[in-house]
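In: coords please:
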Amino acid sequence: MQQKALSNIEEIKIKHERRLSRLDRLALFITNKVGTMGFFFVIFIWTVCWLGWNIIGPKNLRFDPYPGFILWLFISNMLQIFLMPLLLIGQNLQGKAAEKRTEYDFEVDQKAENEIKLILQELRKQENVLQEISEKIKQQ
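Out: Numbers count the residues shown, from 1 in each chain. From the prediction side, this is the model:
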């Protein structure tokens, strides 16, 4: 039973992935990569290096003057502007996949509940039969 359930879950995942366009896959890829500590560290190190160079680097080699850092602000804002909608798209796609898994889990739970009800009915029947046999034995 568990083997079949795992294959059904994989089946749902595969069906969902097949429905995705190339742009959807790109949005998911970006969402999965941007939402990592690795990406955070890349951005953090880039920022520290950029600001550090333009504060303490040789004056003739500084390209984004302190205190404005106009180029750094422009690039940072462009990253934010482009990443925000991609992240939202990726999260929406991930949400749809999660909804499908939840629907499947609910169906499995309903089937399991029905099976448990049947098992309990059978156990009650067996208990009644055992009580009848026990009473007959006591009467003899």
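
In: helices or strands next to the helix or strand containing residue 124 in the packing?
Out: Here residue 124 is covered by helix 70-139, with elements defined by DSSP states H and E. Judged by 3 or more CB pairs under 8 Å, 6 or more residues apart in numbering; DSSP states H and E, the packing partners of helix 70-139 are helix 2-19, helix 22-34, helix 37-56. Quick note: C-beta positions are derived from backbone N, CA and C, even for glycine.

In: Would you mind listing the buried residues in the shortest one?
Out: Just to be clear, that refers to helix 22-34. Residues 24, 27, 28, 30, 31, 34 are the ones in helix 22-34 that count as buried (16 or more other CB atoms under 10 Å).

In: do stretch 88-108 as well
Out: For stretch 88-108, the buried set under the neighbour-count rule, 16+ other CB under 10 Å, comprises 89, 90, 93, 97.

In: any idea of the mean pLDDT in that stretch?
Out: Rounded to a whole number, the mean pLDDT of stretch 88-108 is 88.

In: picking that back up, quick one: closest of the helices and strands packed on helix 70-139 to residue 63.
Out: Between residue 63 and the helices and strands packed on helix 70-139, the tightest spacing by CB to CB is seen for helix 37-56, at 6.9 Å.

In: And the closest one, what does it pack against?
Out: Using 3+ CB pairs under 8 Å, 6+ apart: helix 37-56 touches helix 70-139.

In: one step back: if we only consider the buried residues of helix 22-34, which is nearest to residue 121?
Out: Distance ranking of those against residue 121, using CB to CB, places residue 28 first at 45.9 Å.

In: Run the angle between the helix holding residue 124 and helix 37-56 for me.
Out: Between the axis of helix 70-139 and that of helix 37-56 there is an angle of 160 degrees, by axes from the mean of the first three to the mean of the last three CA atoms, to 10 degrees.

In: before we move on, back to that, any chance of TSV for the buried residues of helix 22-34, columns pLDDT and distance to residue 69?
Out: As requested, the buried residues of helix 22-34 are exported to TSV (pLDDT from 0 to 100; distance: CB to CB, whole Å):
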residue	pLDDT	distance to residue 69
24	87	35
27	87	30
28	87	33
30	89	25
31	88	28
34	89	22
